[in-house]
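# turn this into a model:
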Amino acid sequence: MTDEPGEETPSRGLPRSPRLPKLLEAVLRVGTDLELRSTLQQIIDTATALTDARYGALGVLDPGSGTISELFVTGMSESERAAIGHLPDGHTGLLGALVEQGEPLRSDDLTTDPRSCGVPPGHPAMRSFLGAPVRVHRKVFGNIYLAEKKHTGHFSDTDTTLLRVLAAQAGIAIGNARLYESARQRERWIEGAAAVTNTLLTGENASDALMTVAERARLLSDAAAGVILQPDEEGGMEIVVASTLEDPAGLVGTAIAPGSPVLVQLLGGEAVFIDDSATDPRMTTPVRSRFGPSMMLPLQSGGRLIGTLALPRGRGARPYTDVDRLLASQFASQAALALVLADSQHDREQLAVYEDRDRIARDLHDLVVQRLFATEMMLESTRRRAGAQETDELLGRAVDELDSTIQEVRTTIFALQQPPADAPSTFRGRVLRETSGAAAVLGFQPSVHFAGAVDALVRDPVDKQLLAALRGALAAAHRREGVSAIEVEVDATAPLPDGRASVRLAVADDGREPDGSRAPTVIWQAPL
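Predicted structure coming up:
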């Protein structure tokens, strides 16, 4: 009952049987693929065919708990696999006995074997069983399970020897595939970290930079989502950026409440690894039911905590390995450093712009304005000495032109002193922003004059009304033909006819109306 017809008893560990060429072919086949998952499926397919079994499975053991973390199956339909439900734990029944024994194990009748127990209700009926451990570098990587010998109804000694040889070769193939996959995985994470660093240092804003980190990490880790959390005002942490194949609206804004055990670890700069987000009591967010295995990695550099990178996988997805956790943690550290460097580079660039603008404004004030003012004083003194009326008028116009030029230079100095990336906080700055925006369309810069303390006097809602009137006047001027100059004057000292204080806007241009007449000056006035 130990050997099949036509086969001799094994000698020196190898069977002399018609299946020996098949064994050699199988040994060669399992070593040809370097992709781990396809190698594992190929191993169980080959073992099932070689031993003429109806069903086969290769259970991958979790290094920490020893339970089955993945199962590669052959001989079952999708509906049969779905009917079984959860994976076996690998600790009970014949599967547990195989783990304890550490050697090939065979049973001719599972229905009467006292070691057989814990078979789920939806499992196909099986009688004969043969199992063998697969070792990688002397450590058990997983086990091969075969059931239901097709022709004889039981597995023979030859089957056991064939499976032992194949399992040994499988261990070598798995070791090579793991080394190759680990090297490729490390290469991908290193390339991803370098790409993130290069992208961040090219000058993205803060929100785009965080999205770059989240999206690249999601792709590298094969996660369902990549999210960035940052501390909020209440003392918790809030998701500020989310990268996912689905709509991220349900994730952004989700917060971890203050006092949560997970939050304590994250704020302390510790990584958090979770096997199942939906059932782990440490997880308190409402979106946890959507996810399974998860990594939460602090983004910190030089003692500065920028936030947390969370990489959850979907429900039922394969757990993260130790290598996954190590590489993701290294990526998070590199990304945090890149974020800090990018932020520092942005600050340096802005400081350089501010310093350059301040220098230009200072030069305009110290050199140009003072010289113009001195020239104006000389002309004024000359005008008073001159006796001829014509000369007096010419000098008067020259003085007025110089005064107007001084006003325009001072306006330019004020504009230079506004932060380039910030919205103007003063009314004067908002007027200058409107005219600068119009310059991009007009092709020239309108001249702007201010009279009076416009920043102190013009308040809401008058400021909004004036800006709306200014936009309308600039748009009307743009539609006219022959416009090459526009003058804008904002006068906070012009009184109304009844004597009340008011602000007056005047917009004049040198364009022509359709009938050839000169364009009228737009006047808008409102009480202060």
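
# so where is the stretch 1-150 of the chain shaky, pLDDT-wise?
For the stretch 1-150 of the chain, applying pLDDT under 70 flags the ranges 1-34, 64-65, 85-87, 89-91, 118-122.

# repeat that with 80
When residues are selected by pLDDT under 80, those of the stretch 1-150 of the chain lie in 1-36, 62-69, 79-96, 99-100, 102, 114-125.

# I'd say residue 438 and residue 478 touch.
Yes: using C-beta atoms under 8 Å, residue 438 is in contact with residue 478, at 7.3 Å. The C-beta positions use only the backbone N, C-alpha and C, and glycine is treated the same way.

# between the two, point out the one with more neighbours.
Neighbour totals were compared for residue 438 and residue 478, and residue 438 leads with 21 against 15 (other C-beta atoms under 10 Å).

# in which helix or strand would I find the residue lying closest to the more buried one once chain neighbours are set aside?
Of all residues not flanking residue 438 in the chain, residue 474 sits nearest, at 4.4 Å (C-beta to C-beta, 6 or more residues apart in numbering). Assigned by DSSP states H and E, residue 474 belongs to helix 462-479.

# which other helices and strands contact that helix?
In terms of contacts (3 or more C-beta pairs under 8 Å, 6 or more residues apart in numbering; DSSP states H and E), helix 462-479 is packed against helix 427-442, strand 486-491, strand 502-509, strand 522-527.

# OK, contacts around the residue nearest the centre of the chain?
Centroid-nearest residue in the chain: residue 214, 2.1 Å away (criterion: C-alpha atoms, centre = their mean). By C-beta atoms under 8 Å, 6 or more residues apart in numbering, residue 214 lies in contact with 226, 227, 228, 241, 242, 243, 309.

# in three-state terms, label the last one for me.
To tie it back to what came earlier, the one meant is residue 309. The three-state label given to residue 309 by DSSP: H, G, I helix; E, B strand; the rest coil is strand.

# also the second one?
On the three-state scheme (three-state DSSP), residue 227 is labelled strand.

# near it, how many other residues are there?
27.

# wait, isn't it in contact with residue 237?
No: contact criterion C-beta under 8 Å: residue 227 and residue 237 do not qualify, at 10.5 Å.

# tell me which other helices or strands the lengthiest helix in the chain touches.
What stands out as the longest helix in the chain, according to DSSP state H, is helix 157-200. Applying 3+ C-beta pairs under 8 Å, 6+ apart, we find helix 157-200 packed against helix 20-30, helix 36-50, strand 129-136, strand 139-149, helix 206-221, helix 322-363.

# state the mean pLDDT of the longest one.
If I follow you right, that is helix 322-363. Mean pLDDT, helix 322-363: 75.

# repeat for stretch 167-177
Stretch 167-177 comes out at a mean pLDDT of 82.

# now it - C-alpha only, CSV.
Output of stretch 167-177 as CSV, limited to C-alpha atoms (Å, rounded to 0.1, in the frame of the first residue of the first chain):
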residue,chain,number,x,y,z
ALA,A,167,9.8,21.1,-1.5
ALA,A,168,13.6,21.4,-1.1
GLN,A,169,13.9,22.8,-4.6
ALA,A,170,10.9,25.1,-3.9
GLY,A,171,12.8,26.5,-0.9
ILE,A,172,15.7,27.4,-3.1
ALA,A,173,13.5,29.0,-5.8
ILE,A,174,11.5,30.9,-3.1
GLY,A,175,14.8,32.2,-1.6
ASN,A,176,16.0,33.4,-4.9
ALA,A,177,12.6,35.0,-5.7
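
# please renumber so the chain begins at 56
Okay, residue one is now 56; in that scheme the one you just asked about reads as stretch 222-232.

# can you mark which positions in it are buried?
222, 224, 225, 226, 228, 229, 231, 232 (16 or more other C-beta atoms under 10 Å).

# out of the contacts of residue 269, which one has the lowest pLDDT?
residue 296 (82).

# that residue bridge partners, please.
In this entry, residue 296 is beta-bridged to residue 283, by DSSP bridges.

# now do the contacts for it.
262, 265, 266, 269, 282, 283, 307.

# just give the number of residues close to the closest residue to the residue nearest to the centre of the chain other than its chain neighbours.
Distances taken as C-beta to C-beta, 6+ apart put residue 281 closest to residue 269, at 3.9 Å, once the chain neighbours are dropped. Using other C-beta under 10 Å, residue 281 has 24 neighbouring residues.

# over to residue 538?
19.

# with the one 4 residues further on instead?
Neighbour count for residue 542, taken as other C-beta under 10 Å: 15.

# same question, the one 10 residues further on
Using other C-beta under 10 Å, the number of residues around residue 552 comes to 7.

# and the pLDDT at it?
For residue 552, the pLDDT comes out at 86.

# same question for residue 557.
pLDDT, residue 557: 90.

# over to residue 366?
Here, the pLDDT recorded for residue 366 equals 90.

# go on, residue 261?
What the model reports for residue 261 is a pLDDT of 60.

# what of the one 3 residues further on?
Turning to residue 264, the model gives it a pLDDT of 77.

# how close does the closest residue to it other than its chain neighbours sit to residue 364?
Leaving aside its chain neighbours, residue 264 sits nearest to residue 255 (5.1 Å; criterion: C-beta to C-beta, 6+ apart). Residue 255 is 14 Å from residue 364, where distance means C-beta to C-beta, to the nearest Å.
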